[in-house]
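In: A structural model of the following input is requested.
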Amino acid sequence: MGSAVFLYRDYAVTGLLTGGSWRPALPLANVQNPDIGVVARSTDASHAATKLILDLGVTKIVGGFAIGPSNMSPGAAYRVRAYSDQALSDLLYDSSVTIVPGSVIDWGDPGVWLEWENPDFWNGYINFDDTINLPLYLGIVFPADIFAQYFLVEIFDDVNPDGYVQIGRVLCTKAWRPSLNYAPDSNALGIEANTDVQTSIDGNRSYWEHAQRRTWRCSFPYLPEAEAFDSVFSMANASGVSRQVFIIPDPDDGTRARKRNFLATFKALPAIAQLNVELGSTELDFEEVL
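Out: Residues are numbered from 1 along each chain as shown. Modelled structure (predicted):
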């Protein structure tokens, strides 16, 4: 299990986006709109069409990327590279070509066990029955913060059955990587059932289902004082309750990434307690962006 990561303060929203081939009615600039329903759609699914270059305008301290929701198909891959120069020659970071987490079975995950009769045992794909209504996001966390201005994002999904790649958001962000992870006895991933219910006189009930929203709450009972009052405070101050944060509760759990990682906002801004002379504590409470 890895420590949680929080991606916040989006720099891409004011950056310059170029590259690839995107439909005029659904242009690449749409990924800068916080409304994830305003999407960018490539003209086709070829590698040449499904890439983009992000210029932040000036060098920024960057900790990661969040991309999605997307229609990327099982087995699709991505690559993110960072550069210091416009010619994209001075490489600072390279994710390498990486299969989208959660889209194919990771046989190295000790939590994965399937009977050989199971169709997924043979095709190697994750059973999508549990994730059919969940948006697909990529959460790319750099091993350490980098100082960069230019980024190249590539998507490899030539056989996408839709014939194109569609993306709702591209976020290039700061990252908070807690030095001490959240408490194992004080965290909860939940689903809010957004359903209207009407009960008739005879007791019969009618239901109108809307999109369900994930929530995640976690507690950090012990944090270094500087981390609590700098990192947590900065994330809360930068995000408020309207600006988006991408949460990754366990970066090592690729198999369940689609269930656990999502774009969120704070339900309420966290309070920070002075626990001891050199320690602080806080609790974070998030709800999914729909």
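In: in contact with the spatially closest residue to residue 80 that is not a sequence neighbour, which residues are there?
Out: The spatial neighbour of residue 80 that comes closest, neighbours along the chain excluded (Cβ to Cβ, 6 or more residues apart in numbering), is residue 95 at 4.5 Å. Yep, even glycine has a C-beta here, placed from its N, CA and C like the rest. The contact partners of residue 95, taken as Cβ atoms under 8 Å, 6 or more residues apart in numbering, are 78, 79, 80, 81, 140.
In: repeat that for 7 Å
Out: 79, 80, 140 (Cβ atoms under 7 Å, 6 or more residues apart in numbering).
In: could you measure from the first one over to residue 154?
Out: Here residue 79 is placed at a distance of 5 Å from residue 154 (Cβ to Cβ, to the nearest Å).
In: also residue 145?
Out: Counting by Cβ to Cβ, the gap from residue 145 to residue 154 is 22 Å.
In: any low-confidence regions in the stretch 101-250 of the chain?
Out: Scanning the stretch 101-250 of the chain for pLDDT under 70 picks out 102-132.
In: by contact count, what packs against whichever strand or helix holds residue 282?
Out: Here residue 282 is covered by strand 279-288, with elements defined by DSSP states H and E. With contacts taken as 3 or more Cβ pairs under 7 Å, 6 or more residues apart in numbering; DSSP states H and E, strand 279-288 sits against strand 213-224, strand 262-266, strand 272-274.
In: strand partners (parallel or antiparallel) of that strand?
Out: If you go by DSSP bridges, strand 279-288 pairs up with strand 213-224 (antiparallel), strand 262-266 (antiparallel), strand 272-274 (antiparallel).
In: nearest to residue 23, out of the ones you listed?
Out: Closest approach to residue 23 among the strands paired with strand 279-288 is made by strand 262-266 (22.9 Å; Cβ to Cβ).
In: need the CA coordinates for that closest one. CSV is fine.
Out: In CSV, the C-alpha atoms belonging to strand 262-266 read as follows (Å, rounded to 0.1, in the frame of the first residue of the first chain):
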residue,chain,number,x,y,z
PHE,A,262,-11.5,10.4,-8.8
LEU,A,263,-11.9,14.2,-9.4
ALA,A,264,-13.3,15.9,-6.4
THR,A,265,-13.9,19.0,-4.4
PHE,A,266,-13.8,19.6,-0.7
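In: what sits up against that strand?
Out: The contact list for strand 262-266 (Cβ under 7 Å, 6+ apart) reads 36, 66, 137, 169, 214, 236, 239, 241-242, 244-247, 285-289.
In: buried among those? Make that a ChimeraX selection.
Out: Here is the ChimeraX selection string for the buried members of the contacts of strand 262-266, based on 16 or more other Cβ atoms under 10 Å:
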select :36,66,137,169,214,236,239,244,245,246,247,285,286,287,288,289
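In: what's the distance between the residue lying closest to residue 17 once chain neighbours are set aside and residue 63?
Out: Residue nearest to residue 17 in three dimensions, not counting chain neighbours: residue 28, with 4.9 Å by Cβ to Cβ, 6+ apart. Going from residue 28 to residue 63 by Cβ to Cβ gives 23 Å.
In: please apply the same query to residue 188.
Out: From residue 188 across to residue 63, the span is 25 Å (Cβ to Cβ).
In: when those two are compared, which one has more neighbours?
Out: The residue with more neighbours, out of residue 188 and residue 63, is residue 63; 23 against 10, by other Cβ atoms under 10 Å.
In: who's in contact with the spatially closest residue to residue 214 that is not a sequence neighbour?
Out: Once flanking residues are discounted, residue 214 sits nearest to residue 288: 4.3 Å by Cβ to Cβ, 6+ apart. When contacts are counted by Cβ under 7 Å, 6+ apart, residue 288 touches 213, 214, 262, 263, 264.
In: ok, what's across the strand from residue 288?
Out: Note on residue 288: beta-bridge partners residue 264, judged by DSSP bridges.
In: nearest residue to residue 164 other than its sequence neighbours?
Out: Nearest non-adjacent residue to residue 164, counting by Cβ to Cβ, 6+ apart: residue 42, 4.8 Å away.
In: could you list everything that neighbour pairs with in the sheet?
Out: Applying DSSP bridges to residue 42, the residues it is bridged with are residue 22.
In: from residue 69, how far off is it?
Out: 15 Å.
In: the helices in the stretch 101-250 of the chain, which residues?
Out: Ranges of helices within the stretch 101-250 of the chain are 119-123, 225-226, 233-239, based on DSSP state H, counting those that start in this stretch.
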